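S.K.: pasting the sequence and the predicted coordinates here, then a few questions.
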Amino acid sequence: MILINRLKEVFKEKKVTNRQIATYLKKSEPTISKWVNNRRQPSLDDLYKIAEYLQIDIRSLLYPSNWGHMEKHKK
């Protein structure tokens, strides 16, 4: 499984629970759990709201891509 988001790590760092995020976003806890475990991905709008709630840059919620590494191999 490809890890796309860092929600689990960020929630732990910020000491926030899935329940708190679910309540804030008006989503179910199972939905948040799927996001946290990278079984599903939140929409960009939901990521923005989470970042706003946690007062962090939205990019902190995602693992960086390695596209630069891929470009080197295309040449």
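M.R.: On my side now, so go ahead. Numbers count the residues shown, from 1 in each chain.
S.K.: got the residue ranges for the strands in this protein?
M.R.: Under the criterion DSSP state E, the chain contains no strands.
S.K.: just for it, where's the confidence low?
M.R.: Counting by pLDDT under 70, the ranges of the chain that qualify are 67-75.
S.K.: in it, where's the longest helix?
M.R.: helix 44-54 (DSSP state H).
S.K.: buried stuff in that one?
M.R.: Asp46, Leu47, Lys49, Ile50, Ala51, Leu54 (16 or more other Cβ atoms under 10 Å). For glycine as for every other residue, the C-beta is placed from the backbone atoms N, C-alpha and C.
S.K.: would you mind giving these as JSON lines with distance to Glu29 added?
M.R.: Output for those, formatted as JSON lines (distance: Cβ to Cβ, whole Å):
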{"residue": "Asp46", "distance to Glu29": "14"}
{"residue": "Leu47", "distance to Glu29": "18"}
{"residue": "Lys49", "distance to Glu29": "16"}
{"residue": "Ile50", "distance to Glu29": "14"}
{"residue": "Ala51", "distance to Glu29": "20"}
{"residue": "Leu54", "distance to Glu29": "17"}
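S.K.: show me what contacts the spatially closest residue to Val16 that is not a sequence neighbour?
M.R.: Nearest residue to Val16, sequence neighbours excluded (Cβ to Cβ, 6 or more residues apart in numbering): Leu54, at 6.7 Å. Contact partners of Leu54, counting by Cβ atoms under 8 Å, 6 or more residues apart in numbering, are Val10, Lys14, Val16.
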